[in-house]
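In: Here's a sequence, model it:
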Amino acid sequence: METVPGKAKPQGRLVVSTQLDAKDELEERLERCVGLVQALTNGLSEREANDALTANVCKGPQQHEEVCLGLFSLVLTEPTQAQRCYRDLTLLNRDGMNVVLVKINQILMEKFLKLQDVPRTQLVWLVRELVKSGVIGADGVVMTLLKQIAGGDISTKNLWLAESVLDILLDQKEWVLKSGMLIAMSVYTYLRLIVDHGAPNLLILRQKEVDYCISMLREKFMECQIIGRDLVRLMQNVARIPEMELVWKDLLHNPQVLSPQFTGVLQLLTARTSRKFLACRLTPDMETKLLFMTSRVRFGQQKRYQDWFQRQYLSTAESQSLRCDLIRYICGVVHPSNEVLSSDILPRWAIIGWLLTTCTSNVAASNAKLALFYDWLFFNPEKDSIMNIAILVMHHSMKPHPAITATLLDFMCRIIPHFFPPLESQVRQGVFNSLTFIMEKRVLAHLAPLFDNPKLDRELRSMLRERFPEFCSSPSPPTEVKMEEAASMEMDNNVLDKEDVCYDTTEAAFSDDEEEVHSKGKKREFRFHPIKEAVVEEPADITPWLDQLDDTMKEKVQQLQKTSDTETQCEVMQEIVDLILEEDFDSEQMSALASCLAELFKDHFRGDVLPDEITEESLEESVSKPVCLVFRNLVTMQEDNSGFSVLLDMLAEFYQKQPKIGYHLLYYLKASKAANGKMMLYESFAQATALGDLHTCLMMDMKACQEDDVRLLCYLTPSIYSEFPDETLRSGELLNMIVAVIDSTQLQELMCHVMMGTLVMFRKDSVLNILIQSLDWETFEQYSTWQLFLAHNIPLETIIPILQHLKYKEHPEALSCLLLQLRREKPSEEMVKMVLSRPCHHEDQFTTSILRHWTSKHDDTLGEHIKAQLIKNNNQPRKRQSLRSSSSKLAQLTLEQILEHMDNLRLSLSNTKNNFFTQTPILQALQHVQASCDEAHKMRFSDLFALAEEYEDSQSKPPKSRRKAPASSPRSRKGAAPPTNNEEESASSSASEEEDSKPKAPKRKRKGSSAVGSDSD
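Out: The predicted structure follows:
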């Protein structure tokens, strides 16, 4: 390295700053590292400088990091020295450039917009060099760089970045093809950007983007397929470009051209797009601002934040296309915490409503509505998560912005027949599933007030009744029970009563960023989420319902309101229960009474239910609250008692006002001594509710418990599984709730319950389906599921068919757990068949690794099973085989597959002393296959069949051939020359097709010829 000129440290050469800005910490650190490198190399020749830096790097990790960062900083700030510094960096680094990759990602995510022009240009140059060098992890940096390309922005800097990254991808195409995720991410990015680059001066860039996307879609469609349904949405936007139109037509009408495994556009549309793709089209700065609005800005104070965002990103004509990216991001990626959902923070539906009002182009408005409803079109409750934001936008827009609601409802109706006519029935079913799921989850109690609202014009209401007759009749006045977004009930509170607004018309000042924005004000009592007990609440207001009660009941309720002593409250509550049980009790006041009690006891449903220290005394104390008096009376009654059904009706009304009562009842039935053995009382309660279904009610209550109190969820789990096995063991719904929130300690506790026999979470008839469902869960959730499964005493044979569903790149969690379990098992015929059924891929080592393990532990058993599979698949006619495989789409074990796996195993054992391939059954089977297979297979597996030829030579009649066999076959057994009778008997006993057809021939020859000549397999 040449001498770096000795001058003062460069000031502010990395990021743009003003005199008022504090010195950037990252820039300061990089400057110190540059100073260190300069101090070490000043006045030295290139060789001496290199030696000095090498000596310093060897001192320890800190010195290594400082030198690497110093050289990295020089690359960014000194273009003339960049090539030399990068060369030195590649020679000196000891961690595969990890220090540099981490720092590049940090700059891209946090500082990219502040970078000066030279460092920005040099950063892209450095990424190109890292890609050229094939540095491991460079694909992650490129994906972060792709994220910095803003949609809806045709400024010079953004176009330069888009073209620079595209040039890297085009120049290093072979490198790109090695990373499936990079292929998918880059195709997703540039398909989206093509829409922005339609101006005449951008056609050259657009053509390069089109060519790149087409080449990837044609050559690597299966990698692109992981994008899911949003791939179709993006391709639809560019389908009119002639070259893209050809791919679009193949996608719709000739899918096999793109990939033999691709069955059609429906396969894509039913696959939900991962949030990482949705997030990649927002720059880190956009993402930060949106997340700030959804987590820190109070509802009603959002206008200035929205105005800033609009000025920054949504003010130009081309930015119309960005609204789709923002809506898809909010729908699929933004999931506020329970605390935020329970507070007065700006809800997601309000942001989307604001985005819709800012659309000035009909095309942009139509695309924005499609982005909002896109997950509805092929919604599957078993695979997709609930997408309730669209219904909330429509519901809350009805009063302040009825035109928004009307246009969304109109779009929802018209998209069904027009999205893709051949799939109209599937789209109709998807929208119907979405609305049904929204009703089941009680996002809205009824859809009739929305679909048949007088504010909508007659034609639209008629179309809604025609399309959705099931949702247009309202048997009773609608009552909202559960809301999925924060502040959604505040439409009726003073915030929106004072000013009839919804999105962005309220004037507000900026709040202090450090302010505790979780101050609560009015609270919704309809959410399942906990609220901090430290919050000082306003007194309960039961005035609206008191006048609906008769005088005696009204007096008791007022008495309950005035007292704060728990014991006195319990006495008054018992008197209220006694009044309910009187014969002359007017059931029409039940709803008003339930509303009063829900308001008065709202504090009982906040905070943790389960005591910190679980003892008999603490449990009894925790179920001594006034609300538990209703539970206690139910427990002591007989089901044929008339008062029993009256109390159940009372609880059902209470449940409408306060859904948490459901899991509080479960807790009481588990914790209270008085309720011992009465858990089935919950079933009566579930049937009495408006849901009327035990499974739905139980799952909703456990979901509410999961959101509020994970400790309580784990405490209830053993009882719920043991008392309601038909509801819990038939699907993975409850299991997913549990593993989604537990930590490692709670997992271990549940495993102990399983081992002790107090908890059964799987049974043989449904465990396979549940494990298959779990393949779409998060990594920790999957590992937890497998740990819980392995704690049960269920034979591995029960779930071994899951191997047919596992792909080595998509399901590493399940594969690793299965691998560890299979190594403990003795191979059975079914196990070997399933292991061999896995498709062969040079990166998938699963089959080879387990077969190799079995060869060292159970070689005889494995040899017999593989021989059986080889001969069985060899003898089976091709037509019969294809018919058989079509009846079971997943089980497609073929002779070619077995031979590929056998060849991989042979290579794996080639440098070991393992004698697996000298076993007589294996050699006989190979000989049998070789005799009937075609020349192509003989050439492809020539090394494998060479073993059979050597075996055949050793069995042929001329004595010379027998004598030469051991010398020519290093893989044959050491005792291959004249075998003893014991060896003969042992070998013959392991051959399933033994015949004594040639008694005069030598024994080894008789074995070989008889096995080959036998068709009994």
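
In: any weak-confidence spans in the protein?
Out: Within the chain, the ranges that satisfy pLDDT under 70 run 1-12, 19-21, 386-387, 473-540, 584, 587, 639-640, 875-892, 950-1017.

In: now with 50?
Out: Low-confidence segments of the chain, defined by pLDDT under 50, span residues 1-10, 475-502, 504-537, 878-889, 891, 957, 959-1017.

In: secondary structure element for residue 232?
Out: helix 229-238 (DSSP states H and E).

In: Which secondary structure elements does that helix sit against?
Out: For helix 229-238, the helices and strands in contact under the criterion 3 or more CB pairs under 8 Å, 6 or more residues apart in numbering; DSSP states H and E are helix 180-194, helix 242-253, helix 265-269, helix 362-373. Every C-beta, even on glycine, is put in place using the N, C-alpha and C of the backbone.

In: next one: it to chain centre, how far?
Out: Using CA atoms, centre = their mean, to the nearest Å, the distance from the centre of helix 229-238 to the centre of the chain it belongs to is 21 Å.

In: got the angle between that helix and helix 362-373?
Out: Taking axes from the mean of the first three to the mean of the last three CA atoms, to 10 degrees, one finds that helix 229-238 is oriented at 170 degrees with respect to helix 362-373.

In: would a markdown table of the helices and strands packed on helix 229-238 with distance to residue 236 and mean neighbour count be doable?
Out: As requested, those are exported to a markdown table (distance: least, CB to CB, whole Å; neighbours: other CB atoms under 10 Å):
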| stretch | distance to residue 236 | mean neighbour count |
| --- | --- | --- |
| helix 180-194 | 10 | 23 |
| helix 242-253 | 8 | 15 |
| helix 265-269 | 10 | 19 |
| helix 362-373 | 9 | 19 |
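
In: which one of the ones you listed lies closest to residue 457?
Out: In this view, the helices and strands packed on helix 229-238 are compared for proximity to residue 457 by CB to CB, and helix 362-373 is the closest at 17.9 Å.

In: ok, residues contacting that closest one?
Out: Outside helix 362-373, the residues that touch it by CB atoms under 8 Å, 6 or more residues apart in numbering are 233, 237, 320-321, 323-324, 327-328, 331, 352, 355-356, 359, 389-390, 393, 407-408, 411-412, 415, 431.

In: Just the C-alpha atoms of it, please, in CSV.
Out: Presented in CSV, the C-alpha positions along helix 362-373 are these (Å, rounded to 0.1, in the frame of the first residue of the first chain):
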residue,chain,number,x,y,z
ASN,A,362,-58.3,6.8,-11.3
VAL,A,363,-55.7,4.2,-12.2
ALA,A,364,-53.9,4.8,-8.9
ALA,A,365,-57.2,4.7,-6.9
SER,A,366,-58.1,1.4,-8.6
ASN,A,367,-54.7,-0.1,-7.9
ALA,A,368,-54.8,1.1,-4.3
LYS,A,369,-58.2,-0.5,-3.7
LEU,A,370,-56.9,-3.8,-5.3
ALA,A,371,-53.9,-3.6,-2.9
LEU,A,372,-56.3,-3.3,0.0
PHE,A,373,-58.6,-6.2,-1.0
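
In: The helix or strand that it is followed by packs against which elements?
Out: Tracing the chain C-terminally past helix 362-373 and defining elements by DSSP H and E, one meets helix 389-397 next. With contacts defined as 3+ CB pairs under 8 Å, 6+ apart, the secondary structure elements packing on helix 389-397 are helix 322-332, helix 348-357, helix 362-373, helix 402-418, helix 448-451.

In: Could you rerun that using 6 Å?
Out: The criterion is 3 or more CB pairs under 6 Å, 6 or more residues apart in numbering; DSSP states H and E, and the helices and strands that helix 389-397 contacts are helix 348-357, helix 402-418.

In: Helix, strand, or coil at residue 803?
Out: Each residue gets one of three states, and residue 803 gets helix by DSSP: H, G, I helix; E, B strand; the rest coil.

In: How much space separates it from residue 610?
Out: Counting by CB to CB, to the nearest Å, the gap between residue 803 and residue 610 amounts to 40 Å.

In: Then residue 942?
Out: 68 Å.

In: do the same with residue 819
Out: Residue 819 sits at a distance of 38 Å from residue 610 (criterion: CB to CB).

In: ok, those two, which is more surrounded?
Out: residue 610 (19 against 14; other CB atoms under 10 Å).

In: In terms of secondary structure, what does the strand or helix carrying residue 432 contact?
Out: Element membership for residue 432 (DSSP H and E) is helix 424-440. In this structure, helix 424-440 makes packing contacts with helix 402-418, judged by 3+ CB pairs under 6 Å, 6+ apart.

In: Double-check that residue 399 belongs to a strand.
Out: No. Counting by three-state DSSP, residue 399 falls outside a strand, being coil.

In: Count the neighbours of it for me.
Out: 16.

In: Now do the phi/psi pair for it.
Out: Geometry field for residue 399 lists phi and psi as phi -80, psi -50, criterion degrees, to the nearest 10.

In: Span of stretch 250-264 from start to end?
Out: Its start and end residues considered, stretch 250-264 measures 9 Å (CA to CA, to the nearest Å).

In: Just checking the distance from it to the centre of its chain.
Out: In terms of CA atoms, centre = their mean, the gap separating the centre of stretch 250-264 from the centre of its chain is 26 Å.

In: what residues does it touch?
Out: When contacts are taken as CB atoms under 6 Å, 6 or more residues apart in numbering, the neighbours of stretch 250-264 outside the stretch itself are 221, 222, 265.

In: Show me which positions of it end up buried.
Out: Neighbour-count burial for stretch 250-264, counted by 16 or more other CB atoms under 10 Å, picks out 250, 251, 255, 258, 259, 262.

In: With distance to residue 203 as added columns, please give the helices and strands packed on helix 229-238 in TSV.
Out: Formatted as TSV, the entries for the helices and strands packed on helix 229-238 read as follows, by distance: least, CB to CB, whole Å:
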stretch	distance to residue 203
helix 180-194	11
helix 242-253	13
helix 265-269	29
helix 362-373	20
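
In: Out of those, flag the one nearest residue 313.
Out: With respect to residue 313, and counting by CB to CB, the nearest of the helices and strands packed on helix 229-238 is helix 362-373 at 13.8 Å.

In: Next, the angle helix 348-357 makes with the closest one.
Out: Computed by the same axes, to 10 degrees, the angle between helix 362-373 and helix 348-357 is 160 degrees.

In: Okay, angle between helix 362-373 and helix 389-397 too, please.
Out: Between the axis of helix 362-373 and that of helix 389-397 there is an angle of 110 degrees, by the same axes, to 10 degrees.

In: Could you give the separation of helix 362-373 from the chain centroid?
Out: Put simply, helix 362-373 sits 25 Å off its chain's centre (CA atoms, centre = their mean).

In: now do stretch 594-607
Out: Distance of stretch 594-607 from its chain centroid, counting by CA atoms, centre = their mean, is 36 Å.

In: what distance separates the start and the end of that stretch?
Out: Distance between the two ends of stretch 594-607: 21 Å, counting by CA to CA.

In: Could you tell me which residues within that stretch count as buried?
Out: 594, 595, 596, 597, 598, 599, 600, 601, 602, 604, 605, 606.

In: Stretch 677-696 now?
Out: Neighbour counts over stretch 677-696 (16+ other CB under 10 Å) mark 678, 679, 681, 682, 685, 686, 688, 689, 691, 694, 695 as buried.

In: and those as a markdown table, adding distance to residue 97?
Out: Listed next are those as a markdown table, based on distance: CB to CB, whole Å:
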| residue | distance to residue 97 |
| --- | --- |
| 678 | 65 |
| 679 | 59 |
| 681 | 64 |
| 682 | 59 |
| 685 | 62 |
| 686 | 59 |
| 688 | 65 |
| 689 | 60 |
| 691 | 57 |
| 694 | 58 |
| 695 | 54 |
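
In: among those, which two are most distant?
Out: Comparing every pair within the buried residues of stretch 677-696 by CB to CB identifies 678 and 691 as the most remote, at 20.9 Å.
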